[in-house]
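# Task: produce atomic coordinates for the following.
(one chain, ligands or ions: 2)
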Amino acid sequence: MKAAIIGAGNMGSAIARGMAKGSIVPATSITVSNPSQGKLDRLKAAFPALQVTRDNRAAAKGADMVILAVKPWLIEPVVKELGIEADTLVVSVAAGISCGQLAGYTGNLGQPVFRLIPNTAISEMQSMTLITGNNTTDEQRKLMLDIFCEMGMALWLPEEKMAAATAMTSCGIAYALKYIQAAMQAGIELGIYPKDGMRMVAQSLKGAAELILNNDTHPSIEIDKVCTPGGITIKGINELEHEGFTSTVIKAIKASK
Ligand SMILES: NC(=O)C1=CN([C@@H]2O[C@H](COP(=O)(O)OP(=O)(O)OC[C@H]3O[C@@H](n4cnc5c(N)ncnc54)[C@H](OP(=O)(O)O)[C@@H]3O)[C@@H](O)[C@H]2O)C=CC1
Ligand SMILES: O=C(O)[C@@H]1CCC=N1
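Ligands and ions are numbered 1, 2, ... in the order given. Predicted coordinates:
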């Protein structure tokens, strides 16, 4: 299995690093292409077995799988430039580009295409990756899930659910970070040094996620366990509700869809 990754930005380089660490595609079989050399040099320094080039066509030549990690408006010209073969798996991480559009850009509506949405925690092998596709076989779908399960959690979704799920996961990681930033600001006012506060809040968020992921539970049950009647947590929870926290999160996710 040979893979080409076109674009070595946030997503492309994180996927390259994750795949190189993984067990399914050997690093020597991955070629990464990017216009500016600096990002390629950094990748090569971290993973010397990766192949790098500034020539997209050279990267894609002979690849079984081409992963497109450029901005959405560059997907069409980049795909057209590549001259992709009919049996190559075309994988796009571009938000908002449909499987139909992707196949259309290759000039072959029967092209096997995957549309994939990771989040930035893919660099830590902790992504929530959403996957959908068209014209793909069971074997190809399993391959894609196996590759991305090594970089966190991966879930197959019907295409019509992709936009909503993207808002919750890929945009959602930024909302979670926004909470960390806000809590740090409160901590600073209360005399906690920013770096200490950042670790405290990040670990608390990680703990909340572990509680949910490792147990058959629900946020309401876990919140109940924290809120002592007449205690201090419920005062903060009620303040969040008075200020419209739940409503604001709902609006934010709907705005990002
Ligand atoms: N950031 C995120 O959290 C997520 C992003 N996505 C999707 O991932 C895609 C990439 O986003 P992101 O990684 O954040 O963006 P970046 O800007 O970080 O990366 C894009 C990369 O593409 C390179 N590039 C530009 N033109 C070309 C070209 N013609 N051929 C090859 N490479 C090219 C850029 O090169 P250089 O700048 O070096 O010249 C850059 O390294 C987008 O489509 C986005 O929707 C999906 C999920 C999450
Ligand atoms: O903001 C964006 O458009 C990209 C896609 C999902 C996350 N970041």
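# which ones are touching the closest residue to ligand 1 within the stretch 1-150 of the chain?
Closest contact between the stretch 1-150 of the chain and ligand 1, by Cβ to the nearest ligand atom, is at G9 (1.7 Å). For the C-beta atoms, the positions are set from N, CA and C on the backbone; glycine is no exception. Residues in contact with G9 (Cβ atoms under 8 Å, 6 or more residues apart in numbering) are N34, K39, A69, V70.
# is it fair to say the last one lies in a strand?
No - with DSSP: H, G, I helix; E, B strand; the rest coil as the criterion, V70 is assigned coil and is not in a strand.
# what about it, distance to M200?
38 Å (Cβ to Cβ, to the nearest Å).
# go on, C99?
Distance, C99 to M200, by Cβ to Cβ: 43 Å.
# ok, these two, which is more surrounded?
When neighbours are counted by other Cβ atoms under 10 Å, C99 and M200 differ, and C99 comes out ahead with 21 against 15.
# for ligand 1, what are the nearby residues on the stretch 101-250 of the chain?
I117, P118, N119, T120, S170 (Cβ under 6 Å from any ligand atom).
# Scan those residues and report the most crowded one.
Going by other Cβ under 10 Å, P118 tops these with 26 neighbours.
# Would you mind checking the average pLDDT for stretch 125-138?
Averaging pLDDT along stretch 125-138 yields 97.
# before we move on, what about stretch 185-203?
Averaging pLDDT along stretch 185-203 gives 98.
# Endpoints of it, how far apart?
Stretch 185-203 stretches 16 Å from its first residue to its last (Cα to Cα, to the nearest Å).
# Stretch 239-249 too?
For stretch 239-249, the end-to-end distance is 15 Å (Cα to Cα).
# Equivalent analysis for stretch 148-167, please.
For stretch 148-167, by Cα to Cα, the gap between its terminal residues amounts to 19 Å.
# buried stuff in it?
Applying a neighbour-count criterion of 16 or more other Cβ atoms under 10 Å, one finds F148, E150, M151, G152, A154, M162, A165, T166, A167 buried in stretch 148-167.
# next one: stretch 128-143
Buried-residue list, stretch 128-143, by 16+ other Cβ under 10 Å: M128, T129, L130, I131, T132, G133, N134, N135, T136, Q140, R141, L143.
# Alright, that wraps it up for me.
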